[in-house]
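> no sequence on hand, only this structure:
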């Protein structure tokens, strides 16, 4: 069974450009999470969805960030306009129901560099 | 306040020795889960072990065991018989069960280096 699939693996863009990160969760998983990892701030939750509905977006840094989950098998994280401080590794993760004892299955991450 | 605290930014251990990575947590929720993940230099996040707040026994998974001390709010990871491939970042994480929040909160991590 395929794991969580993220694309692209690497993205290099210039400041001001729009960036779209994509995620396909594991089939049958109803909870989807977007995390950002930086040296300074570690792993931060940006947003998570349950049954395609955003449950908590309090971690989204600002209005430049938006996330959607149009169906159970696809989610996007968009940054518009991008800034150099957005450079980080962005992870998508999923779990079956988001219950207390469920581990998260992580994708390979997208390494974003904004020049 | 920090929910998860990992006080050891870096640790060294000799191959074949055991090592303990510290983790303390803060929650008022009686129901919660504690997780450890490994992140090698390749970057992927690998699940290692889970401990539930109501579990009576410490969790074990192969060479990994969790020293769960509920009263002290600590959940230390013990790796026995260290191998060179254990060199990686290790993250402790918690999910609280009673607030409706279902995301994991991660600590800052400990970088483990296994020396031959």
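Nice, I can see it. These numbers were taken from a predicted model, which means no experiment stands behind them.

> when you work out contacts or count neighbours from here on, use the C-alpha atoms and nothing else.
Fine.

> how about the residue of chain A most remote from its centre, phi and psi?
Residue farthest from the centre of chain A, counting by Cα atoms, centre = their mean, is residue A:101 at 21.5 Å. Main-chain torsions, residue A:101, degrees, to the nearest 10: phi -90, psi 10.

> how about it, what does it touch?
Residues in contact with residue A:101 (Cα atoms under 8 Å, 6 or more residues apart in numbering or on different chains) are B:32, B:33, B:50, B:52.

> what's around the second one, how many residues?
Spelled out, that is residue B:33. Look at residue B:33: counted by other Cα atoms under 10 Å in any protein chain shown, it has 22 neighbours.

> show me what it is bridged to.
Per DSSP bridges, the residues bridged to residue B:33 are residue B:52, residue B:95.

> my guess is it meets residue B:96, correct?
Yes: assessed by Cα atoms under 8 Å, residue B:33 is found in contact with residue B:96 at 6.5 Å.

> excluding chain neighbours, what is closest to the residue nearest to the spatial centre of chain A?
The residue lying closest to the centre of chain A (Cα atoms, centre = their mean) is residue A:34, at 3.1 Å. Of all residues not flanking residue A:34 in the chain, residue A:92 sits nearest, at 4.6 Å (Cα to Cα, 6 or more residues apart in numbering or on different chains).

> shouldn't that neighbour be in contact with residue A:6?
Yes: assessed by Cα under 8 Å, residue A:92 is found in contact with residue A:6 at 7.0 Å.

> buried sites along stretch A:61-81?
By 16 or more other Cα atoms under 10 Å in any protein chain shown, the buried positions in stretch A:61-81 come out as A:65-69, A:72-79.

> got the end-to-end distance for that stretch?
Using Cα to Cα, to the nearest Å, the end-to-end distance of stretch A:61-81 comes to 13 Å.

> ok, and what's touching that stretch?
Residues contacting stretch A:61-81 (Cα under 8 Å, 6+ apart): A:15-27, A:29-30, A:34, A:46-47, A:49, A:51-53, A:60, A:82.

> tell me the mean pLDDT over it?
Per-residue pLDDT values across stretch A:61-81 average out to 95.

> what do you get for stretch B:57-72?
Stretch B:57-72 carries an average pLDDT of 97.

> apart from its neighbours in sequence, what residue is nearest residue 91?
Using chain A. residue A:109 (4.4 Å).

> not quite, I wanted chain B
residue B:109 (4.5 Å).

> same deal with residue B:50?
Using Cα to Cα, 6+ apart, the nearest residue to residue B:50 is residue B:35, at 4.6 Å.

> now the one you found: which helix or strand?
Following DSSP states H and E, one finds residue B:35 within strand B:32-39.

> and residue A:21, what are its bridge partners?
According to DSSP bridges, beta-bridge pairing links residue A:21 with residue A:77.

> got a list of what it touches?
A:6, A:7, A:8, A:76, A:77, A:78, A:110.

> out of the residues you listed, the closest to chain B would be?
residue A:110 (10.1 Å; Cα to the nearest Cα).

> quickly note the distance from that closest one to residue B:65.
Distance of residue A:110 to residue B:65, given as Cα to Cα: 31 Å.

> parallel or antiparallel, which strands does the lowest-mean-pLDDT helix or strand in chain A pair with?
One helix or strand of chain A scores below all others by mean pLDDT, DSSP states H and E: strand A:53-56, with a mean of 91. Sheet partners assigned to strand A:53-56 using DSSP bridges are listed as strand A:42-50 (antiparallel).
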